[in-house]
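Peer 1: I would like to see how this sequence folds:
(one chain, ligands or ions: 1)
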Amino acid sequence: MLKFETEHAFLQENITDYQETVNKYHEQLMNKTGLGNDFVGWVEWPNNYDKEEFERVLACAEKMRNMCDVFVVCGIGGSYLGARAVIEMVNGLYADKKPEIVFMGNTFSSTYIAQVMNYIKDKEVCVNVISKSGTTTETALAFRLLKKFMDEKYGEEAKNRIVATTDKARGTLKTMADAEGYETFVIPDDIGGRFSVITPVGLLPIAVAGIDIRALMAGTKKAYDDLADPDLNTNTAYRYAVARRILEKQGKCAEMLVSYESQMSMVAEWWKQLFGESEGKNGTGILPCSVNFSTDLHSMGQFIQDGKKVLFETLIKVEKPTLDLTFPSDEENADGMNYLAGKSLHWVNQMACQGTLEAHVDTGHVPNLEITIPDMSAETFGYMCYFFFRAIAMTTYMNEQNPFNQPGVEVYKKNMFRLLGKN
Ligand code: PA5
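Peer 2: Predicted coordinates for the structure are as follows:
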């Protein structure tokens with residue numbers, strides 16, 4: 001379902017030379033004996049996810065779909081990026097589907113928050129507040145505003161329109177949800193935020209957006225099966241993990257995730273959190289960046305082609321677009337574009353991709369890793385997501401770091417709380 005190629009990567013070492021190292025960390029990951037082993041619940045999740053809760057997610061999503069015009073997802077980081085990535089990748093950016101999914105709780109921007117509140121005020125609204133800790137300030141702040149709005153608009157009925165996804169037993173949000181009588185879904189203890197898109201954290205909003213979450217989970221299971229053997233001749237995730245470390249040794253300290261599909265931009269945002277938060281520890285790690293081509297060829301193209309040689313690209317190619325158009329012929333040909341008449345727009349996009357790859361590789365000497373996915377379906381996301389999970393766990397272990405914590409994120413919070421006067 002996913003191909004990984006290194007033909008244009010300028011690797012100066014053989015990936016397979018790392019087999020012993022990979023075997024060691026694979027065993028640690030599977031036996032839960034590696035760094036951060038309290039947070040490897042995602043590894044077996046494609047096999048052992050709670051099927052009863054999954055059915056409850058589907059039923060709740062159906063209920064929400066029938067009740068609202070706008071479904072507000074209130075969460076930040078791992079508690080929002082995955083859902084948004086899947087919804088945009090699968091449905092596209094102008095899907096005109098009901099209900100519309102709107103995101104809040106992911107910023108302190110007063111303008112953004114006020115605009116969302118204004119946008120939803122005359123619409124039928126349901127809310128999914130998502131927070132594992134239950135105390136994340138951006139989310140708690142937005143949810144207080146949303147709760148007040150929902151209580152004033154719907155009175156007693158509000159509790160049937162608010163769903164909380166949080167820790168199974170602890171935290172402010174769990175206490176509040178129980179007291180108010182909201183339906184709740186559980187974020188498993190052993191799955192961190194950035195690995196939680198395949199739990200109710202991601203699955204509920206994705207299902208409310210009308211996307212087939214059974215297919216998504218089937219994709220994760222396929223990837224699980226395909227990646228069971230750590231053999232570096234066949235295991236695509238581990239090949240990618242090793243290739244990154246080889247490129248880092250060759251002086252590449254930034255990885256640019258490249259897509260040619262506008263609806264993949266949020267997938268890149270989700271990937272940046274997954275890779276950045278997992279790998280950036282103790283002065284180590286590759287900086288994750290992203291561009292959307294050909295759009296960003298007109299902004300970042302110059303640097304990638306010609307700037308300091310610090311980065312490599314990881315190109316995601318999509319074989320089959322969700323939609324396509326045939327370019328029309330024009331009798332006048334005033335714009336001189338008739339040379340494309342009768343061609344599909346996807347073919348044009350593919351030629352742009354090929355031309356850019358040649359330019360960056362042959363002239364710019366920028367290493368390119370290539371990931372090919374068949375389409376932008378839910379199943380493909382499930383597969384690709386699990387592929388990235390396994391890759392980042394392996395590549396971070398290879399740097400002897402814990403892929404599953406994020407101690408650095410606390411520093412800004414401490415300062416912010418002091419400035420805000422929080423005790
Ligand atoms: O990956 C992570 O752990 C973080 O990005 C969290 O998901 C994010 O900070 C939100 O945390 P919470 O779900 O506790 O509100």
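Peer 1: alpha carbons only for contacts and neighbour counts from here, please
Peer 2: Noted.
Peer 1: near the ligand, which residues of the stretch 101-250 of the chain? Just list them.
Peer 2: S131, K132, S133, G134, T136, G192, G193, R194 (Cα under 6 Å from any ligand atom).
Peer 1: again, only using 5 Å
Peer 2: S131, K132, S133, T136, G193, R194 (Cα under 5 Å from any ligand atom).
Peer 1: top of the residues you listed by number of neighbours, please.
Peer 2: S131 (30 neighbours; other Cα atoms under 10 Å).
Peer 1: packing partners for the longest helix along the chain?
Peer 2: Longest helix of the chain, by residue count under DSSP state H: helix 378-398. Where contact means 3 or more Cα pairs under 8 Å, 6 or more residues apart in numbering; DSSP states H and E, helix 378-398 is packed against helix 19-31, helix 81-91, helix 213-226, helix 236-249, helix 265-279.
Peer 1: close to the ligand, is that helix?
Peer 2: No: Helix 378-398 is not in contact with the ligand by Cα under 5 Å from any ligand atom; minimum separation 12.5 Å.
Peer 1: how much does that helix deviate in direction from helix 19-31?
Peer 2: Put simply, helix 378-398 runs at 110 degrees to helix 19-31, going by axes from the mean of the first three to the mean of the last three Cα atoms, to 10 degrees.
Peer 1: with only the CA atoms kept, save helix 378-398 in CSV.
Peer 2: Only the C-alpha atoms of helix 378-398 are listed here, as CSV (Å, rounded to 0.1, in the frame of the first residue of the first chain):
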residue,chain,number,x,y,z
ALA,A,378,-9.0,6.8,5.0
GLU,A,379,-7.4,3.4,4.6
THR,A,380,-4.3,4.9,3.1
PHE,A,381,-4.1,7.4,6.0
GLY,A,382,-4.4,4.6,8.5
TYR,A,383,-1.5,2.7,6.8
MET,A,384,0.7,5.8,6.4
CYS,A,385,0.1,6.9,9.9
TYR,A,386,1.2,3.6,11.4
PHE,A,387,4.2,3.6,9.0
PHE,A,388,5.2,7.0,10.4
PHE,A,389,4.6,5.8,14.0
ARG,A,390,7.0,2.8,13.6
ALA,A,391,9.5,4.9,11.7
ILE,A,392,9.8,7.7,14.3
ALA,A,393,10.0,5.2,17.2
MET,A,394,12.8,3.4,15.5
THR,A,395,14.7,6.4,14.3
THR,A,396,14.5,8.1,17.7
TYR,A,397,15.6,4.9,19.5
MET,A,398,18.6,4.9,17.1
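Peer 1: just how off-centre is the helix or strand that it is followed by within its chain?
Peer 2: Where DSSP states H and E defines the elements, the next helix or strand beyond helix 378-398 is helix 410-420. Centroid displacement of helix 410-420 relative to its chain, using Cα atoms, centre = their mean, to the nearest Å, is 26 Å.
Peer 1: stretch 232-249 too?
Peer 2: Distance, centroid of stretch 232-249 to centroid of chain: 20 Å (Cα atoms, centre = their mean).
Peer 1: which parts of that stretch are buried?
Peer 2: Buried residues in stretch 232-249, counted by 16 or more other Cα atoms under 10 Å: 232, 235-248.
Peer 1: from those residues, which two are the most distant?
Peer 2: N235 and E248 (20.2 Å; Cα to Cα).
Peer 1: quick check: bridge partners of the residue nearest to I162 when sequence neighbours are not counted?
Peer 2: For I162, ignoring the flanking residues on the chain, the nearest one in space by Cα to Cα, 6 or more residues apart in numbering is V127 at 4.8 Å. Judged by DSSP bridges, the bridge partners of V127 are V72, I162.
Peer 1: I'd like the distance between the residue nearest the centre of the chain and V411.
Peer 2: Centroid-nearest residue in the chain, with Cα atoms, centre = their mean: W270, separated by 2.9 Å. Using Cα to Cα, to the nearest Å, W270 is found at 22 Å from V411.
Peer 1: ok so, going back, so who does the residue nearest to I162 touch?
Peer 2: F71, V72, V73, C74, L146, R161, I162, V163 (Cα atoms under 8 Å, 6 or more residues apart in numbering).
Peer 1: for stretch 287-298, buried residues please.
Peer 2: L287, P288, C289, S290, V291, N292, F293, S294.
Peer 1: and the average pLDDT for that stretch is what?
Peer 2: Averaging pLDDT along stretch 287-298 gives 97.
Peer 1: check stretch 129-144 too.
Peer 2: 94.
Peer 1: starting at the chain centroid, how far to stretch 312-331?
Peer 2: Between the centre of stretch 312-331 and the centre of its chain there are 22 Å (Cα atoms, centre = their mean).
Peer 1: endpoints of it, how far apart?
Peer 2: One end of stretch 312-331 sits 44 Å from the other (Cα to Cα).
Peer 1: got the contact list for it?
Peer 2: With Cα under 8 Å, 6+ apart as the criterion, stretch 312-331 contacts 247, 252, 254-261, 338, 340-346, 366-376.
Peer 1: can you rerun that using 7 Å?
Peer 2: 252, 254-259, 338, 340-346, 366-376 (Cα atoms under 7 Å, 6 or more residues apart in numbering).
Peer 1: now do the buried residues in it.
Peer 2: Counting neighbours by 16+ other Cα under 10 Å, the buried set in stretch 312-331 is F312, E313, T314, L315, I316, K317, V318, F327.
Peer 1: nearest to R390 among these?
Peer 2: Among those, and counting by Cα to Cα, the member closest to R390 is T314, at 16.2 Å.
Peer 1: next structured bit after the helix or strand where that closest one lies?
Peer 2: Using DSSP H and E, T314 falls within strand 311-318. Remark: after strand 311-318, the chain's next helix or strand is helix 345-358, criterion DSSP H and E.
Peer 1: what's the angle from that following helix to strand 311-318?
Peer 2: Going by the same axes, to 10 degrees, helix 345-358 makes 160 degrees with strand 311-318.
Peer 1: helix 345-358 - what's its average pLDDT?
Peer 2: Here helix 345-358 scores 98 as its mean pLDDT.
Peer 1: now do stretch 179-187
Peer 2: Stretch 179-187 comes out at a mean pLDDT of 96.
Peer 1: stretch 197-213 now?
Peer 2: 98.
Peer 1: coming back round to it: for the helices and strands packed on helix 378-398, state which one has the densest average packing.
Peer 2: helix 81-91 (a mean of 25; mean count of other Cα atoms under 10 Å).
Peer 1: mind giving me the packing neighbours of it?
Peer 2: Contact partners of helix 81-91 among helices and strands, from 3 or more Cα pairs under 7 Å, 6 or more residues apart in numbering; DSSP states H and E: helix 200-208, helix 265-279.
Peer 1: name the helices or strands packed onto the helix or strand just after the longest one?
Peer 2: Okay, so that is helix 265-279. Helices and strands here follow DSSP H and E; after helix 265-279, the next one along the chain is strand 287-292. Applying 3+ Cα pairs under 7 Å, 6+ apart, one finds that strand 287-292 contacts strand 254-259, helix 265-279.
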